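[1] Output the structure for:
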Amino acid sequence: MRIGAVAILALILASSLAPLPVSAQASVEASFYAPAVSDAGRADLIRVDIRIDIPGSGLFKVDAGGEVDNTTYHSMRMAVMTASMYAGIRWDSIDVRIRLETSRNVAGPSGSLGVAITTYLLLTRYTRGYTGPGDVAITGAISPDGSASRVGAVDLKCKAAMEHGARFLYPLVNYTPQLGEECSGTPVPSMINGTMTLLDTPATYMQTNISLPPEFHDAMKDAAASLASKARSLLGELPEEGRSVVESRLEASARVLDKSPYAAASLAFTALYNAYRYYYQSAMLNGTNVYDSASRLVSSVGEELRGVESRLEEADYNGSILYLEFLSTAYTRLADAKSSLEEASGLIRARAPTIEGILSNIALAKARVDTIRAWIDTAERVKGAGPSISQDELRLAVSLYGDYAEEAVLYANSILEYFIENYNAPRDILQVRIETINNLLREAKTYYNEGNYIAALGFYREALSRTLSQIFGFFLARSDPSIIDGYYRDLSSLVSMVQAQLATHGLVSGLALAYREYSEVLLEEDPATAIGLLEEAISSSFAWHTLLLSEPPTSASAPRPEPAPVLRDPILTATVGVATYILALALVSWYIVSVLRRAAHL
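    Down below sits the predicted model:
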């Protein structure tokens, strides 16, 4: 493993944003304004006060004069955890109290970006007497990777901020030329970029150069050859459209084989997935009872999965950090396959109006059988390569990462429930998605309690991946190319920053390195998927980044309190967020797109 000279810039930024040593108790407070739009269509500024006690016991509380709905609560808790992750301080060792200065009920996630930025600034600068960002209004929904996601009515919110004389920050994805002319605010792609904006620090983009061992590349070349061979064997059974899609993926795989073996293997996997998908569609759509036929396919693929699962359970769970990570990736792919079959079964029970979503999930699960074998083989080849961690460190990392993934899932679920309850989004379809991700969490917890931390990590990572691709990735899917480019450069820089921090402690996320390399291959042809890969690179890095989180001195016997109760079913008189019926329907159409994104990498 090596770090190129260009990583020095990443280390400089990482150190400038890193927290000072936590050595004494402190209670710090800061405020910002969250623009909110009422039912009457008027935007006002709500003052948001944040108090952090260091050390603490993990208390998190959100209060307002009216009720605070689930989406607001979980978005702000996600914001605090994301800020803590980047700041290097454990969220379960601080107490956070957030007060919304309004007498009205509050709903939606758009106050969360401001909470993330303010919390991050407090955690990294509290020993310097930091008192907050000043007279600033911030709107945006935080993503679990730290990105700023789309919100609504930004024009009205900007007007309210300008009337107040406040500086205004909003998500880059909301930017339009017209908004740029009418609004003096600053669009930001992420929490970190927003922080640098408030500190008047020029945006800095960097790239680390950390190499994976040759054994990894050899394994990926073998996987590419095997997957491509299986895809070719089905070409004669496919309709013309299917042959064209599969052949184009196979040609793309061959072109990048020497430059990026992981990209070649992923493209070959995509070819195989599409071969199965078109094969199933051609066979099924000519049948009489497609739902019964699909059910039989689910059972058949399920039998294959049980076979590779047995092989995983027999693996040795001791080895280098790369070995553990790639073995857990095999479990992640197992989780993807099993949950894909669960989604297919749920859609069959719901008699989904289109069979394509069902068959896409079955095809993905079928193709995943071979990728699970490929990751087991890759893990075996790098078993002695790179640094190692102890079982105690692994358990700690999985415990903290599990907390993080679980909150991301609760946040994503709250957004879907918000659409279902308030905008008549189709419950049957979206409920399948919610239940699938919840099942992943339940299995991850079962594995953890059984002491199988590698499997638990794999399933937690798949749950987090689903929230990124099915919820937060949706908001970028149809964005302008210049906006996509802004997010890509920012996310790539964040990956470098986290990788540099890991490297300085002798750690590495091989999966994050592979994802970033593959994203470069896809950027021109499929920028939305390239961004999705960078999001997953960050979330994969977080698994080991948890080992860098410090814990302020606190009483070991102090009990950790239960989270503050969440107020449900509010009367929506103030909306902090975006939700429209059209957006809710678009989430359903995003269903198949989210399957395609999961099928984009090995």
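
[2] Could you use CA atoms for every contact and neighbour count after this?
    Fine.

[3] can you tell me how far the closest residue in space to residue 356 that isn't next to it in sequence sits from residue 237?
    Excluding its sequence neighbours, the residue lying closest to residue 356 (CA to CA, 6 or more residues apart in numbering) is residue 281, at 7.4 Å. Separation of residue 281 from residue 237 (CA to CA, to the nearest Å): 11 Å.

[4] quick one: which of those two has more around it?
    residue 281 (21 against 16; other CA atoms under 10 Å).

[5] Can you identify each of the strands in the chain by residue range?
    For the chain, the strands defined by DSSP state E occupy 26-38, 43-54, 60-64, 95-101, 106-107, 136-138, 141-142, 148-149, 167-171, 186-188, 574-575.

[6] can you list these in JSON lines and add distance to residue 468, mean pLDDT and mean neighbour count?
    Output for these, formatted as JSON lines (distance: least, CA to CA, whole Å; pLDDT from 0 to 100; neighbours: other CA atoms under 10 Å):
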{"stretch": "strand 26-38", "distance to residue 468": "24", "mean pLDDT": "89", "mean neighbour count": "22"}
{"stretch": "strand 43-54", "distance to residue 468": "27", "mean pLDDT": "93", "mean neighbour count": "20"}
{"stretch": "strand 60-64", "distance to residue 468": "23", "mean pLDDT": "95", "mean neighbour count": "19"}
{"stretch": "strand 95-101", "distance to residue 468": "25", "mean pLDDT": "96", "mean neighbour count": "20"}
{"stretch": "strand 106-107", "distance to residue 468": "21", "mean pLDDT": "89", "mean neighbour count": "28"}
{"stretch": "strand 136-138", "distance to residue 468": "22", "mean pLDDT": "95", "mean neighbour count": "26"}
{"stretch": "strand 141-142", "distance to residue 468": "11", "mean pLDDT": "94", "mean neighbour count": "30"}
{"stretch": "strand 148-149", "distance to residue 468": "11", "mean pLDDT": "92", "mean neighbour count": "30"}
{"stretch": "strand 167-171", "distance to residue 468": "17", "mean pLDDT": "95", "mean neighbour count": "25"}
{"stretch": "strand 186-188", "distance to residue 468": "19", "mean pLDDT": "95", "mean neighbour count": "21"}
{"stretch": "strand 574-575", "distance to residue 468": "23", "mean pLDDT": "36", "mean neighbour count": "25"}
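
[7] nearest to residue 416, of those strands?
    Closest approach to residue 416 among the strands of the chain (CA to CA): strand 106-107, 13.1 Å.

[8] OK, contacts around residue 171?
    For residue 171, the contact set (CA atoms under 8 Å, 6 or more residues apart in numbering) comprises 139-140, 148-151, 187-190.

[9] what about the stretch 501-602 of the chain, any weak spots by pLDDT?
    The stretch 501-602 of the chain contains residues with pLDDT under 70 at 551-601.

[10] Tell me where it has helices.
    Ranges of helices in the stretch 501-602 of the chain, per DSSP state H, counting those that start in this stretch, are 510-522, 527-545, 581-598.

[11] The longest one packs against which elements?
    Applying 3 or more CA pairs under 8 Å, 6 or more residues apart in numbering; DSSP states H and E, we find helix 527-545 packed against helix 391-423, helix 453-467, helix 481-503, helix 510-522.

[12] So which of the ones you listed is the most surrounded?
    Mean neighbour count (mean count of other CA atoms under 10 Å) peaks for helix 453-467 among these, with a mean of 28.

[13] Give the other helices and strands that that one contacts.
    Contacts defined by 3+ CA pairs under 8 Å, 6+ apart place helix 453-467 against helix 321-349, helix 391-423, helix 427-449, helix 527-545.

[14] May I ask you to confirm that the residue nearest to residue 356 is in contact with residue 357?
    No - between residue 281 and residue 357 there is no contact under CA atoms under 8 Å: 10.5 Å.
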